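Asks: 3D model of this:
(2 chains)
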Amino acid sequence: MASVEFDASEIREFTHRLQEAGAKTQREVKGVINKGALNIKNQMRKEASGSRHFGQIASTITYDLTEWGAFGGGVVEAEVGPNKHFRAARLGNVAYFGTSKGGGTLPDPIHALEAEIPNVERWLGDAAEDSL
Amino acid sequence: MNDIIAALKAALVAAGLRVYDTAVPSGTTVQYPYVLLWSSAGRMTSVSVCDSRSVLDDTVGVTAVGILADQVRLTARKARSILDGLEPGVIAGRHVDEVRLFDSRPIVVDRDFPLVGGSYPMTGVDIYRVSSTPA
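Replies: So this is what the prediction gives:
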């Protein structure tokens, strides 16, 4: 009767390495998103502080980082904008989107986001390379 | 940007919408619904090898204003049917790409401008992407 034996030690070692890389990548991705969000926040603050009417919302622009996991994967999210905990932030909607009498006057935040995308992509690529 | 806004405004007016550029002129007795068309002065983004910014990549806000929420929705829908997918072609020596609906904000009550009778106008903002390059 024939028998076959497999040496699975290298596969186990590789699996272990991938698991470690996953945890490291999650940490590094969080750092990258944090850095990107910080840059977007700074750009939005700079734009708001130059506004004659809405300069007061500049200091209310903050960002929150959220991290959660599901099905073995991790998600890192950042939310950037006027923080409604500050009274002056209530003007944010008018500043960006206007009123019934006139349009918004601050640059759409999407431009700050899009300006940051190449940086974030580059940093994520570096993080992925470093983790393996 | 002036020419692009003028083209978008003309398209909306031709569809029967009342349109104001950027703001309702002071002293105007407004009739509802209407549309505000607003933008930056023109966001030039691409830096070419000769260091000139030649690509316009910007957003245009379209604020539908009405007395009731359904009036806002109907006005926004009419504006979308005109603008979303509009291909302006060449305007003032620049090729304007297809206009695309990019984002929509929730309808809100504008309590800064009360109407006669005590109610307030409502607004809904749609954001469109507009880009152009030299023809």
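
Asks: each with direction, which strands does the strand of greatest length in chain B pair with?
Replies: Identified as the longest strand of chain B according to DSSP state E is strand B:122-134. Sheet pairing here is set by DSSP bridges, and for strand B:122-134 it gives strand B:56-66 (antiparallel), strand B:94-96 (antiparallel), strand B:100-104 (antiparallel), strand B:108-109 (antiparallel).

Asks: let's have those in CSV, adding mean pLDDT.
Replies: Below are the strands paired with strand B:122-134 laid out as CSV (pLDDT from 0 to 100):
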stretch, mean pLDDT
strand B:56-66, 94
strand B:94-96, 89
strand B:100-104, 94
strand B:108-109, 94
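
Asks: okay, these in a markdown table with distance to residue B:10 next?
Replies: (C-beta placed from N, C-alpha, C; glycine too.) Listed next are the strands paired with strand B:122-134 as a markdown table, based on distance: least, Cβ to Cβ, whole Å:
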| stretch | distance to residue B:10 |
| --- | --- |
| strand B:56-66 | 14 |
| strand B:94-96 | 13 |
| strand B:100-104 | 19 |
| strand B:108-109 | 28 |
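
Asks: most packed of the ones you listed?
Replies: Of these, the one with the most neighbours on average (mean count of other Cβ atoms under 10 Å in any protein chain shown) is strand B:56-66, at a mean of 23.

Asks: CA atoms of stretch A:60-70 as CSV?
Replies: Output of stretch A:60-70 as CSV, limited to C-alpha atoms (Å, rounded to 0.1, in the frame of the first residue of the first chain):
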residue,chain,number,x,y,z
THR,A,60,-14.0,73.9,14.1
ILE,A,61,-12.7,71.7,11.2
THR,A,62,-11.5,68.4,12.7
TYR,A,63,-11.3,64.8,11.7
ASP,A,64,-12.3,61.5,13.3
LEU,A,65,-10.6,58.2,12.6
THR,A,66,-12.7,55.1,12.9
GLU,A,67,-11.3,51.6,12.7
TRP,A,68,-13.4,48.4,12.7
GLY,A,69,-13.1,44.9,11.4
ALA,A,70,-15.3,42.3,9.9
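
Asks: show me which residues of that stretch are buried.
Replies: A:60, A:61, A:62, A:63 (16 or more other Cβ atoms under 10 Å in any protein chain shown).

Asks: for chain B, state which of those residues is nearest.
Replies: Each of the buried residues of stretch A:60-70 was scored against chain B by Cβ to the nearest Cβ, and residue A:61 proved nearest at 17.8 Å.

Asks: ok but residue A:76 is inside a strand, no?
Replies: Yes - counting by DSSP: H, G, I helix; E, B strand; the rest coil, residue A:76 is found in a strand.

Asks: hey, what's it bridged with?
Replies: Assigned bridge partners for residue A:76, using DSSP bridges, are residue A:67.

Asks: from the contact counts, what lies against the host helix or strand of residue A:14?
Replies: In the assignment (DSSP states H and E), residue A:14 maps to helix A:9-49. Helix A:9-49 sits against strand A:61-70, strand A:73-82, helix A:109-131, with contacts defined as 3 or more Cβ pairs under 8 Å, 6 or more residues apart in numbering or on different chains; DSSP states H and E.

Asks: 10 Å - rerun?
Replies: Secondary-structure packing of helix A:9-49 (3 or more Cβ pairs under 10 Å, 6 or more residues apart in numbering or on different chains; DSSP states H and E): strand A:61-70, strand A:73-82, helix A:92-97, helix A:109-131.
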